[in-house]
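[1] when you get a sec, could you give me coordinates for this:
(chains A and B)
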Amino acid sequence: MKKIIIKFSLLLAFAAGTASCTKLDEEVFSSIPADGFFRNEAEVMTNVGRIYAQLRKITNRFGAGSLDLVGTDECIIPFRETNLWYDNGLWIALHKHEYNPNLQVMNGGYSFCFDGISMANQILFQLAESPVDFPSKPKIIAEVKIARAFFYYRALDWFGNVPISTDFKDVTIPKQSTRTEVWDFVVKEITDNIQFLDDAPTTANYGRTCTKAMANMMLAKLYLNAPKWKGTTKLDEAIAATDAVINTNGYSLSSDYFSNFTANNGGSKENIFVVPYDKTKTPGNILQIHCWTLHTLSQQTFGLIAFTWDGYATLEDFYRSYDANDKRIKTWMEGPQYSASGAPLMLSATRQLNYRPQIKALYNTTNPALLDDGVRFKKYEYEAGLRDNESMSNDWVVFRYADALMMKAEAIMRKNGNVANQAAVDLVNQVRFRAFGDHAHDFTTATLTMDALLAERGREFAWEYHRRQDLIRFNKWNEAWFEKPAGNVNHELYPLPTQALNVNPNLKQNTGY
Amino acid sequence: MTPPMTRLLSALRVTVLFASLLLIMPLFSHAQTAGTASGVVTNEKGEPLTDVTVKNKETGLATSTDAKGHYKLAAKTGETIVFTAVGFEAKESAFTGQASLDIQMILSFSKLEEVVVVGYGTATKKEVTSAITTLKPADFNKGNIGNPVGLLQGRVAGLNISRPAGGDVNGGFDIQLRGLTTLSGGQGPLFVIDGILGGDLNSVNVDEIESIDVLKDGSAAAIYGTRGTNGVIIITTKRGKAGQHGIEFSSYVSVQKVAKKLRNLNAEEFRGAIEQVYPGRLSEFDFKANTDWFEEITQTPIDHYYDLAMTGGTEHFNYRAAVNYRGAQGIVKDNANKRLQGKVTMTQKEFNNKLTINYNLMYAETDRDFTDQEIMQQAFRRNPTEPVYDPTNTLAGGYYRNTGPFQYYNPVAMLAEEVDHGKQKTFTGSAKLTYALIKGWNVSAFGSLIRDQFKNTKYQSRYYPIGIGNNGTAIINTGENDNKLLEISTDYRKRFGKHDIQAIAGYSYQHGENETFGATNSNYDVDLYQFNNIGAGGALPLGQALMSSYKESNTLIAFFGRVIYNLNDKYLAQVSLRHEGSSRFGANHKWGNFPAVSLGWRMSNEAFLQNVPWLSDLKLRAGFGVTGNQDIGNYRALQLLAVGGRVLYNGNWINTYPPASNPNPDLRWEKKEELNLGTDFGLFNGRVSGSIDYYIRNTKDLLWTYAVPVPPNLYNSLYTNVGTIRNSGIEVTLSATPIKTANLTWNSTFLFSRNRNKVVSFSNNDAGFKLTDLKQGYIGADVQTWTHQVLEGQPVGNFTTLIFEGIDANGFPIYTDTDKNGVINENDRQVAGNAYPKFQLSFANNIFYKKFDLSFNLRGSFGNDVLNIHRLYYENFGYLGGKNILLSALDYPGYKGKAEYSSRFIEDGSYVKLDNISIGYTTSFSEGVVKKLRVYATAQQLFTITKYKGVDPELSLAGLSPGIDAYNYYPRTRTFTLGLNVSF
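    So this is what the prediction gives:
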């Protein structure tokens, strides 16, 4: 009997012991579970800050970074000898404007916008819910809304008819809006919130979306492009917005064009809005222009450690549009190449690396573009010692003062029947004078045609992500150029990516795709 | 106290309770008086038999015969002694107090009485009702094999084992049982090593393995619940045996020779090709040397192995201890693996043999020199006219450096200027206490701990060709993996009349913790420190050094039970259930039930078959079981924030925390339901025997990452359960002994397996998880395209590509314009092959003639297609000049195409391999210290018969893009081994 009692109690003990041993909660050590964070001002700031980490994806060449660059008349990525840069035909399709919703860059660009928008919605929700209060809170909220407006501004430009969502708590699948509605929404968001933003640039608001000038630059772009995006003309509003920038204390043209693009361009008075990068502070979503464009041998010219990819170049016609005396021609590297110490850089025993303007072909497997075909981009300073997978420390320039001048001139000319008057010429010549260092190359009301203005914009803003927008606004996007046939008007919008259509049944594909 | 501590403590509390109860138990036991049975066991010829298990049927005490066939066992008059030995019929004899109980064993073909480990217990082969394969050392692959998995290759029908890294001594095996059952979860089986779920394979010495049991079907594996889907491989190592003592020594030395490498152009051919393709431009590409780059980076590797095992003891206490060292080298210089393993197992019986305590301790220490497989790739494509060294180039450390071509590095410098070293130390300890409450009823507690530590260190000198200017880069990564297991169970067995019932019930708690730490620094003044003074690098003060750490944990808790019922050795039934929870699953689905049922009918025991003389055994089996797959990583159900990189804010760089995942409280295990129908049969007294199994396995709730709209979601994808995949197949195992005479025995085993796979669905449009296809596989550099397309209703493994029709007059490839729109693009792709074999065969043979033995194993795979990535890239002239190309490019002198993915490079990868052939000589000595001596010679991978033009058609079949030959490859080798085993 005793035996049985003991056996029984043993089983009981077994059962009792195990009952307390059935907990299966996950313990997280190295990430942060999403609840229980953002409880004080510093944590709130880290929360807001992620909007800017998202903005760094603006230069991602498999997304935003290609949509405004590859396929314009200022950039080409040819298929090069030794089988380089075919990449499943992506760059060829972009160059020829043969768009389709499956191209990786479409989803990349779309995610750039809508990941940012969703993030902004959540931050705004958390800011509203947070009991933490501090004096700058209204400005922070406005700043997040302006950042969200910027993502919408890009989505409006690239994809046009996109959904508008602003409420984080609304978990329904968003409805599609028309491009006009999106335009109205973005303009309203900016005009409603601009009052809360800082008047002048400071160290504190550098690289952020909380200056009035940044918001006005965006407004100026929205108004100037309104004929394409909304179907109306908003030239007076464009002039007012650019005036607001020009009249802001603290912005001016830098005397040296290239000083806006140095590795330490944080002090530029001309840059209105930048996306800051830093080689040690910003791993992930890094800026690697040197890799895009330089042949590896050019490492020795700049003292780079990083391996570079020998891809991006500009088109010969674009390069030829520069006057030899235009200082901005130094945007490009042309001719035989040498190391920093002056030794010729040799591609092989008898062949020196020689960046030549002409490019054999976009895509020809038997007679492909040579490794050194096409002049290379060096507007941004390439800092010596950059290593593999390390970001350039140059801050990426999104808006600068020169553009305010040029946009105002353009608006004036458009108001004036697409003809320059002295006011327009004076504005453009401010930029022109800096480029040449003399008045001998100034425009006159006779020489500053719309085409001349577009070409000048091209040279001034080469690879600054304005070219696609400009070509569309000037109705040149669908013209033929080197290795690119004439296109149709539907290609002024990109297709909505397949991934976005798959997950949102409310979306209808853009016309022509 | 932290929650895991509380949990562990409560687990401990149970153990302590349990142990103290055990201490009281003996007080209630009865004492018995003991006599001794002893004698000699011989075979039919009167020769003494060693290693015969001698067991007292009443007390359960057991011993075994020594080298002279002698045994001694405690027994009382009237008790029954059972004698069993592999290959002999079991014998029972009553102990009548006689002075000497001598037994003559009779040879048997039948394997019906063989012990099969079924997981949480054992059964005899005749009782098994599910698909289980048992292998003993005689069935293992022979030769220089360092990993237990290597022993199984080609030995289990339906178990597909490949070694994708070829001869890389640090490369592992890919294992797939009965096809792909998951889209994104783990694909490897569960290893149970001496009772430890998820035991460490690297600690197991192949010479110490007693048996390997493979639980293949759902009804067998369901007792392992959320880890059973990919099958269970149970490894049981040797233990001491009462009555045996001795020392065993084994050693071998082996050498490898290159069996196949890629044939590129040598210097002369290269110059000729340049003249042909680029007339007049030879001076651009000819650097005047003649270098065989393959030769420069390879060596003739020599491996050594030494093993010493000691065993001894009585029925009350016995032990086995073994220590071994294996030094292995790879064909690529600086590729090595040195391993020291030690183990001690002890068995102790107390309290009148009611309490049995098993201790196991294992320790393994491995030093690895990792090879960078890119070195072989660089050597392949390096211009053979370039010299290796250039003493004038001090920047590159005297190596010839050419930065002209894209991603082009001197492989000799890559090899010599990098140290990539790994150290791993693994300790495994376990103890099991079993107490016999009454006859047939036991309670047990089992606890184990695995502590696995690694430290990987790498140094690239200032002359390492990738990133010259970094001035030396040191990398240290360390980690520790702890795994604790506690299992408490009770088992019961009762025979009454025609009924035989076995039951087990238990509780299992397993907790794993994983921590890593890493640091990287560069810019050293000297290369002397390597990674031993990582702080000295100049990158640290510049903020360019990296540091990281990580920690994760997970817990599995289960209650399990099983009942086996045997009616009159005719009707068999088995029912099991595991109720298991994993911390990895979502809050709404932490726990799941994994039931199984299987039935067996031994028809041969029915009266109507009793008179069929040639039929010695016939059993029909049917089993159904549900298993899961929890191998999905930790924290997949939670919403996490990641460190999102710093941003400039108010002039300061601050950290940000963007979402890293969406929450999924409904995340649950992928659920496999498997039906297995089988038969086991024996003919002519078991001289011919075999099994046939047919299975259908449906895996539901497949996990995949689905795009979700942002907003409203925060993160653009969700990991969730949607799809279904089906595998069905047939497996045949046939064993025969065609010849058995006094001097000559020939045993032969033939395996056949075939599996069909179908992705039933991966989309759920109603739930918003819409996918038209999964484009998988990736060809990188310069081509950048996908290779495989997974479609609903189609099998996994389809190569979807342009169909190559030939070369046109201008030298360009012609592709089928499938949609007839005049444009060749992705829409013209068609299925051009499938990576999975249509069927697989193997044929293993053991032949014994007098003291000689010969064994060989042929293994074949048929109908599997392979993407020959090297031909895709290098069977054209696009790279010629800057780089080397394949010799076979010269077969198409007019070809002008570039590197492109098409059906031209999908090849039939069917193969037959002679995995190993071994010849040995064994002799025994009745006098002197040496009892037994064996010498042998083995050749592995002696030949491969295949039409495949690349290095090796045997590739990893894991994942959704199987069958792509590796771009960075490792040469295949033949291994020749000379070995010696001595028993003292």
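[2] check which residues of the helix or strand encompassing B:N554 are buried.
    Using DSSP states H and E, the element containing B:N554 is strand B:546-567. By neighbour count on 16 or more other CB atoms under 10 Å in any protein chain shown, the buried set for strand B:546-567 is B:552-562, B:564, B:566. Where C-beta positions appear, they are placed from N, C-alpha and C, glycine not excepted.
[3] how about the helix or strand just after that strand and chain A, any contact?
    With elements assigned by DSSP H and E, the helix or strand that comes after strand B:546-567 is strand B:571-582. Yes - judged by CB under 8 Å from any CB of the partner chain, strand B:571-582 comes into contact with chain A at B:581-582.
[4] state the distance from the residue nearest to the spatial centre of chain A to chain B.
    Residue closest to the average C-alpha location in chain A (CA atoms, centre = their mean): A:I58, at 3.6 Å. According to CB to the nearest CB, to the nearest Å, A:I58 and chain B sit 13 Å apart.
[5] what about B:K494, neighbour count?
    The local packing of B:K494 (other CB atoms under 10 Å in any protein chain shown) involves 12 other residues.
[6] same check on the one 10 residues further on?
    By the measure other CB under 10 Å, the count of residues near B:I504 is 22.
[7] what of A:D403?
    The burial count assigned to A:D403 is 24, neighbours taken as other CB under 10 Å.
[8] just after the helix or strand hosting it, pick out the following helix or strand.
    Using DSSP H and E, A:D403 maps to helix A:401-415. The helix or strand immediately downstream of helix A:401-415 is helix A:422-436, counting by DSSP H and E.
[9] so where's chain A uncertain?
    Residue ranges of chain A with pLDDT under 70: A:1-21, A:31-39.
[10] can you list the domains in it?
    Domain ranges of chain A: A:37-196, A:200-253+A:399-475, A:289-377, per automatic domain parsing.
[11] which among these is found nearest to B:V982?
    Distance to B:V982, taken as CB to CB, is lowest for domain A:289-377 among those, at 55.9 Å.
[12] starting at the chain centroid, how far to the closest one?
    Domain A:289-377 sits 24 Å away from the centroid of its parent chain (CA atoms, centre = their mean, to the nearest Å).
[13] ends of it, what's the gap?
    Distance across domain A:289-377, first residue to last, is 8 Å (CA to CA, to the nearest Å).
[14] anything in that domain near chain B?
    Yes - using CB under 8 Å from any CB, we find that domain A:289-377 touches chain B at A:296-297, A:299, A:303-307, A:309-310, A:346-351, A:365-366, A:371.
[15] among those, name the buried ones.
    A:296-297, A:299, A:304-307, A:309-310, A:346-348, A:351, A:365, A:371.
[16] and the residue lying closest to A:A238 once chain neighbours are set aside, which of the three is it?
    Once flanking residues are discounted, A:A238 sits nearest to A:Y223: 3.7 Å by CB to CB, 6 or more residues apart in numbering or on different chains. Assigned by DSSP: H, G, I helix; E, B strand; the rest coil, the conformation of A:Y223 is helix.
[17] distance-wise, check A:Y223 relative to B:F839.
    70 Å (CB to CB, to the nearest Å).
[18] just to revisit the earlier point, any part of the strand holding B:N554 near chain A?
    Yes - Strand B:546-567 lies within reach of chain A by CB under 8 Å from any CB, at B:549-555, B:557, B:559.
[19] can you give me the buried ones in stretch B:332-349?
    By 16+ other CB under 10 Å, the buried positions in stretch B:332-349 come out as B:332-339, B:341-347, B:349.
[20] can you pull up the bridge partners for B:S691?
    Bridge pairing for B:S691 (DSSP bridges) gives the partners B:D680, B:T733.
[21] you'd agree it is up against B:S735?
    No - using CB atoms under 8 Å, B:S691 makes no contact with B:S735, being 9.2 Å away.
[22] how many neighbours does the residue in the stretch 101-250 of chain B that chain A sits nearest to have?
    Nearest to chain A in the stretch 101-250 of chain B, going by CB to the nearest CB, is B:T226, at a distance of 11.6 Å. B:T226 has 26 neighbours, counted by other CB under 10 Å.
[23] contacts only, for the residue nearest to A:A238.
    A:Y223 makes contact with A:234-235, A:237-238, A:241, A:411 under the criterion CB atoms under 8 Å, 6 or more residues apart in numbering or on different chains.
[24] try it again at 7 Å.
    A:234, A:237-238, A:241 (CB atoms under 7 Å, 6 or more residues apart in numbering or on different chains).
[25] among the residues you listed, which one sits closest to chain B?
    Closest to chain B out of the contacts of A:Y223 is A:A241 (25.5 Å), distances taken as CB to the nearest CB.
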